[in-house]
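>>> what's the 3D shape of this:
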Amino acid sequence: QVQLVESGGGLVQAGGSLRLSCAASGRIFSINAMGWYRQAPGKQRDLVASITSSGSTTYRDSVKGRFTISRDGAKNRLYLQMNNLKPEDSGIYFCATDPLIEAVVAGTPGSWGQGTQVTVSS
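Just a heads-up that it's a prediction; the model follows:
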């Protein structure tokens, strides 16, 4: 089991930037696939971006060109750089991990973080 702790959320105006961080501990981090999910009030949790152990990335269409997912194996950290934020980007952002990228993408990872709130004002 991997333990995940997110940080970096907050309140920002539209057009602003935030950098989310996810600290991982427990089982080996470097071989796991990772992902960021977002959940707005009353809505389902949606995949925002994912990254494999080899560094291949995917993004949901609405964030392409604005968000960048990255990982630092030496520090056991996952990041999400969010630029040109929009009100519709608001929600709780969750970090997720699993040995299989398929599980991360399907929303069934072995581990979830507790989430960090992002609020974008118009």
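
>>> Which strand residues bridge the most centrally placed residue in the chain?
The centroid of the chain falls nearest to Trp36 when counting by CA atoms, centre = their mean (2.1 Å). Here Trp36 sits in beta bridges with Ala49, Cys95, going by DSSP bridges.

>>> Surely it touches Arg45?
No - contact criterion CB atoms under 8 Å: Trp36 and Arg45 do not qualify, at 10.6 Å. C-beta coordinates here come from the backbone N, C-alpha and C atoms, glycine included.

>>> Return every residue with contacts to both of the two.
Phe94 (CB atoms under 8 Å, 6 or more residues apart in numbering).

>>> Let me see the contact set for the residue nearest to the centre of the chain.
Applying CB under 8 Å, 6+ apart, the residues near Trp36 are 20, 22, 47-50, 69, 78, 80, 93-96.

>>> of these, buried ones?
For the contacts of Trp36, a neighbour count by 16 or more other CB atoms under 10 Å gives the buried set as 20, 22, 47-50, 69, 78, 80, 93-96.

>>> quick one: which of those is nearest Thr116?
Tyr93 (5.4 Å; CB to CB).

>>> host element of the closest one?
strand 91-98 (DSSP states H and E).

>>> Against which helices or strands is that strand packed?
strand 2-7, strand 18-26, strand 33-39, strand 77-82, helix 101-106, strand 111-112, strand 116-121 (3 or more CB pairs under 8 Å, 6 or more residues apart in numbering; DSSP states H and E).

>>> most neighbours per residue, which of those?
Comparing those by mean neighbour count (mean count of other CB atoms under 10 Å), strand 33-39 ranks first with a mean of 24.

>>> hang on, the earlier thing: can you add distance to Lys86 and pLDDT and give the buried ones among the contacts of Trp36 back as a markdown table?
Shown next, in a markdown table, are the buried ones among the contacts of Trp36 (distance: CB to CB, whole Å; pLDDT from 0 to 100):
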| residue | distance to Lys86 | pLDDT |
| --- | --- | --- |
| Leu20 | 16 | 98 |
| Cys22 | 22 | 97 |
| Leu47 | 18 | 98 |
| Val48 | 13 | 98 |
| Ala49 | 16 | 98 |
| Ser50 | 21 | 98 |
| Ile69 | 18 | 98 |
| Leu78 | 22 | 96 |
| Leu80 | 15 | 98 |
| Tyr93 | 14 | 98 |
| Phe94 | 19 | 98 |
| Cys95 | 21 | 97 |
| Ala96 | 23 | 96 |
